[in-house]
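> Take this sequence and fold it.
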Amino acid sequence: MKKLYLIILCLPLFAHGQKSEKVSSYMKVDQTEKFDSVVKRMSKEKKPLAKKQRALLQERYDLSNKASKTKMFRGKPIQEGIRVKLPKGVKSWEELAEMSPEEIKKKGLFPKGFLPLPHPNHAEGGMVFPQFHINKIKEQDNRDLTRFDLEFDLPDHFLPEFPPAIFLTTRKDLGDVSQGQVVTQANFFQLFNGILTPKQLTGLRLLVTPFPQQQFNATDDRRSLKASQGVTCFDCHVNGHTNATTHLVGDIRPQEFRNRIDTPTLRGVNQQRLFGSQRALKTIEDFTEFEQRGAYFDGDTVIGIKKGINILDRGSQVHDMSEFQAILDFPPAPKLNVVDGKLDPSKATEAELRGQEIFFGKGQCFQCHNTAIYSDNLMHDLRAERFYDLQNINGRVTKADGPIKTFPLRGIKESPPYLHDGRLLTLEDTVEYFNLILGTKLTKNEKQDLVEFLKVL
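Next up is the predicted model:
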């Protein structure tokens, strides 16, 4: 009887002729498959994965290149127009906005482009860089950020300009101190010596120094063909801004529940009070230390020890890195006044002034974006899950997003795509999303005016 009891207990482990695996918070530390075999297998899957992700994007969005007359600081035009596709059977965005969340959910009419966006390979995850950044770093810093298993998914025309400008709160007279260059180990000293203090210069040096990371390291458990020095903070936050590099947040499990994350800009972080995907980090120092201790290794410190975790010294290295980040400024906004960050009526167009009125009135944007940097430094739960059923999209479960940090809107036109996972490709998409989620029922003209206002922030 005792023997039969043990057999019954073991049956679930051998269902379908193989042992089932229990979901764990930890990754496997020991790689048993040979590296050459991993490369061969995952390289073969690279094109099918890209094709699958491209099909998802085309189903959701209009991906064509429609350049606006509005340009980013160094001249790249922003994309214009609503790119999220309306659900079949709905004639207009205004018609959709008249429906209740319950009706939209029941009829399955929540736009697919408003649903959480999965990683290019959600089951694998990890940092994926745009090709233009890979090319420049290989040329300038002799590092290869190419992954043999994955490639970046969003078209370049929806991404921030490259390289982005750098503005310093301490030397506003200099304008763009990057001089049009990507700041790396190869040129940081020549560009910034004499402009920064010794501590700030040391901090910048560390921000452009490569350290081991989950996909780029010297072990066989990596996703680069050659053993890698690693990545730098500025590989994602290029020039203290962003190139829209994507990866998965490290602080949610299991894998299919993790959020894709779009790299946020570091401009103006000195005026922010919450950091990290779940905003548990309260200072720039906390954020800086966490990135290399946790985020570099998908939130798994055990894996980090194996691959070469970089333990920063809090009293000197972290402090120096934070000192440089704290002087990164927003781009100039000549139409805003110096008192409250609102429009100077003598410089603004009528459409921009109407948009500002909507922002601080009917649109309810000011409820969260209510300071001179257009952020309240708080968390808000939009409860978008009211509009859709739980589903699995390319390995990503559309769970509730939960509380999201109010990101500053200063310089917002410079930082596409939008929302924490980059699911909204244009400012028009973003306005439509919040109009539906908040139930503000803006007219078509009011939404256009609101976009005009956002462009000048």
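> Output the below-cut-off pLDDT ranges for the stretch 201-350 of the chain.
277-280 (pLDDT under 70).
> Look at Glu291 and give its secondary structure.
helix (DSSP: H, G, I helix; E, B strand; the rest coil).
> How about the contacts made by it?
Contacts for Glu291 were tallied using C-beta atoms under 8 Å, 6 or more residues apart in numbering; they are Cys233. Where you see a C-beta, it was placed from the backbone N, CA and C, and this is true even at glycine.
> Look up how far Gln185 lies from it.
18 Å (C-beta to C-beta, to the nearest Å).
> ok, now Gly341?
Taken as C-beta to C-beta, the span from Gly341 to Gln185 is 36 Å.
> Same question for Gly304.
23 Å.
> These two: who's more crowded?
Legend: neighbour count by other C-beta atoms under 10 Å for Gly304 and Gln185, higher for Gly304 (23 against 16).
> Neighbours of the closest residue to that one other than its chain neighbours, how many?
Excluding its sequence neighbours, the residue lying closest to Gly304 (C-beta to C-beta, 6 or more residues apart in numbering) is Phe297, at 3.8 Å. Counted with other C-beta under 10 Å, the neighbours of Phe297 add up to 25.
> what's the span of stretch 281-298, first residue to last?
Start and end residues of stretch 281-298 are separated by 16 Å (C-alpha to C-alpha, to the nearest Å).
> Longest strand in the protein, please.
strand 67-71 (DSSP state E).
> Now it: buried residues?
For strand 67-71, the neighbour count (16 or more other C-beta atoms under 10 Å) marks Ser68 as buried.
> Distance of the residue nearest to Gly304 relative to Val238?
21 Å.
> Any figure for the gap between the residue nearest to the spatial centre of the chain and Leu424?
Taking C-alpha atoms, centre = their mean, the centroid of the chain lies closest to Asp262, which sits 1.0 Å from it. Noted for Asp262: a distance of 10 Å to Leu424, by C-beta to C-beta.
> Equivalent analysis for Leu196, please.
Leu196 is 35 Å from Leu424, by C-beta to C-beta.
> Name the residue in the two with the higher neighbour count.
Leu424 (25 against 22).
> didn't that one look like it was pressed against Ile412?
No. With contacts counted by C-beta atoms under 8 Å, Leu424 stays clear of Ile412, the gap being 11.4 Å.
> Please enumerate the shared neighbours of those two.
Tyr418.
> so which strand or helix has Gly89?
For Gly89, there is no host helix or strand (DSSP states H and E).
> ok, the nearest residue to it once chain neighbours are set aside - contacts?
The shortest distance from Gly89 to any non-neighbouring residue, by C-beta to C-beta, 6+ apart, is to Leu109 (7.3 Å). Taking C-beta under 8 Å, 6+ apart, we find Leu109 in contact with Pro87, Gly89, Val90, Leu96, Met99, Glu103.
> residues near the last one, how many?
Residue crowding around Glu103 was assessed by other C-beta under 10 Å; the count is 12.
> And the pLDDT for it?
pLDDT for Glu103: 98.
> Just list the residues touching Val231, thanks.
Met127, Leu145, Pro210, Phe211, Gln213, Phe216, Tyr296.
> For the fourth one, give the beta-bridge partners.
What that stands for is Phe211. Beta-bridge pairing for Phe211 (DSSP bridges): Val231.
> so it touches Gly230, yeah?
Yes. Phe211 is within contact range of Gly230, at 4.6 Å (criterion: C-beta under 8 Å).
> What segments of the stretch 251-400 of the chain are helices?
Per DSSP state H, counting those that start in this stretch, the stretch 251-400 of the chain carries helices over the ranges 284-293, 301-307, 319-325, 350-359.
> hmm, who's touching the third one?
Applying C-beta under 8 Å, 6+ apart, the external contacts of helix 319-325 come out as 196-197, 199-204, 206-207, 233, 240, 266, 269-270, 283-285, 288, 312.
> go on, the second one?
With contacts defined as C-beta under 8 Å, 6+ apart, helix 301-307 is touched by 26-27, 29, 212-214, 217-219, 221-222, 293-294, 296-297, 309.
> follow-up on the earlier one: can you tell me which of the contacts of Leu109 are buried?
If we count by 16+ other C-beta under 10 Å, those have these buried: Pro87, Leu96, Met99.
> can you give me the strands for the stretch 201-350 of the chain?
Residue ranges of the strands in the stretch 201-350 of the chain, as given by DSSP state E, counting those that start in this stretch, are 246-248, 260-262.
> Deepest-packed of those, please.
strand 246-248 (a mean of 24; mean count of other C-beta atoms under 10 Å).
> Please name every helix or strand in contact with that one.
Identification of packing neighbours for strand 246-248 by 3 or more C-beta pairs under 8 Å, 6 or more residues apart in numbering; DSSP states H and E yields strand 260-262.
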